[in-house]
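[1] Could you work out the structure for the sequence below:
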Amino acid sequence: MAKRFSDQELFELRNRIPIRLLIKNELNIPCKIIDQVFRFLCPLCNEFNTSTNPRTNLARCFRCEKNFNPIDIVIACKKMSFVQSVNFLKLYKSKLSNNKIAEHDRKHSFIPIGDIFKSLNIHRSDC
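    As a prediction, the model looks like this:
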């Protein structure tokens with residue numbers, strides 16, 4: 001049986017669609033900032049004991065102990081099959097401007113602490 005979606009295509013959907021934007025703007029899941037942490041209403045247990053990690057582009061519910069990538073959260077929220085969810089995300093990705101994705105990547109990319117010190121002209125021995 002031939003694959004319906006390539007590994008690269010699935011990788012792009014899981015990793016290049018910012019999960020916070022997906023939760024807030026497309027899925028319209030109730031969300032709020034609590035103690036500077038982005039929280040969303042878990043589509044499985046309806047609790048706000050959740051968080052997202054922009055570095056890994058994953059979301060987690062600590063009550064029901066479920067991890068979500070963008071495909072998983074669409075499946076849970078929209079009650080869609082895997083194939084339907086992937087097609088939904090392909091459409092959403094085409095709607096997203098490349099600038100929005102690039103801006104999100106810049107905001108949430110990992111910067112080594114040494115590079116931060118260099119940009120500030122601070123040496124480790126000064127700290």
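
[2] Only C-alpha atoms from now on, for both contacts and neighbour counts.
    Will do.

[3] Pick out the residue nearest the middle of the chain.
    Ile19 (2.3 Å; CA atoms, centre = their mean).

[4] Tell me if I'm right that that residue and Asn57 touch.
    Yes - between Ile19 and Asn57 there is a contact under CA atoms under 8 Å: 5.8 Å.

[5] okay, and the common contacts of those two?
    Asn69, Pro70 (CA atoms under 8 Å, 6 or more residues apart in numbering).

[6] returning to what we had before: which residues are in contact with the residue nearest to the centre of the chain?
    Ile19 neighbours (CA under 8 Å, 6+ apart): Thr52, Pro54, Asn57, Leu58, Ala59, Asn69, Pro70.

[7] Show me where the chain has its helices.
    All helices of the chain, identified by DSSP state H, fall at 7-16, 19-21, 70-78, 82-95, 98-108, 113-119.

[8] which of these has the lowest average pLDDT?
    Of all the helices of the chain, mean pLDDT reaches its minimum on helix 113-119 (a mean of 51).

[9] Looking at the contacts of Ile19, which one is closest to Phe88?
    Of all the contacts of Ile19, Phe88 sits closest to Pro70, with 10.6 Å by CA to CA.
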